[in-house]
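Enquirer: What shape does this take:
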Amino acid sequence: MNRVQPWHAQEANAVLRELDTKEKGLTTKEAERRLQQYELNEIKTEKKISPLKILLSQLKDPLIVILIAASAISALLGEMLDSTVIFAIVVASAVLGFTQEYRAEKASEALKKMVAPTTTVVREGKEQQIEAKYLVPGDVLKISARASLFLKWCKMVFILLLHIYAYHGSV
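Expert: Numbering: from 1, shown residues only. Have a look, this model is predicted:
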């Protein structure tokens, strides 16, 4: 049974050969070529939700639909004060919901921009700080002692979660 070893379990030279790179790292030109080939190293995000869609989503809530119907029925029965009050509640609810969701969307976008992870790579024999989204297969990463400890901690937590899942059937 020929089993392929994971990257971290292989000899460094074997990994370098497999990824067609060297200890000095990729050249800038090769890194750019691979970036074109493999695209950015980031999770694809959904399209932005337009403010109009956010507002319309507020009106899809079943309670809002019931209140709109109650307002219309009150108006048909000649209870204009009741109809107006109910409609004002619907508008206030929609405006509050829209404001909260719109601000949350903007805050989420701002956080994504602020928390752009960076990493140290070796390219053309020199260490460089780059945004993690520009990593390509074959980049030689420079991992600091602190990062190494963090990776070991993550592995330990992952193993612990696997044990809990194996024992209880859920985490």
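
Enquirer: Give me the domain ranges for this protein.
Expert: The record's domain split for the chain, according to automatic domain parsing, is 13-43+118-168, 51-113.

Enquirer: Below-threshold pLDDT in this protein: ranges please.
Expert: 1-3, 43-46, 115-116, 145-155, 158, 163-171 (pLDDT under 70).

Enquirer: can you map out the strands along it?
Expert: With strands called from DSSP state E, the chain shows them at 118-123, 126-131, 140-142.

Enquirer: Which of those sits closest to residue 75?
Expert: For these, the distance to residue 75 is smallest for strand 126-131, at 56.6 Å, taking CB to CB. The way it works is simple: take the backbone N, C-alpha and C, and place the C-beta from them, glycine included.

Enquirer: List the buried residues in that closest one.
Expert: Buried residues in strand 126-131, counted by 16 or more other CB atoms under 10 Å: residue 128.

Enquirer: tell me which strands and helices it is in contact with?
Expert: Helices and strands touching strand 126-131, as assessed by 3 or more CB pairs under 8 Å, 6 or more residues apart in numbering; DSSP states H and E, comprise strand 118-123.
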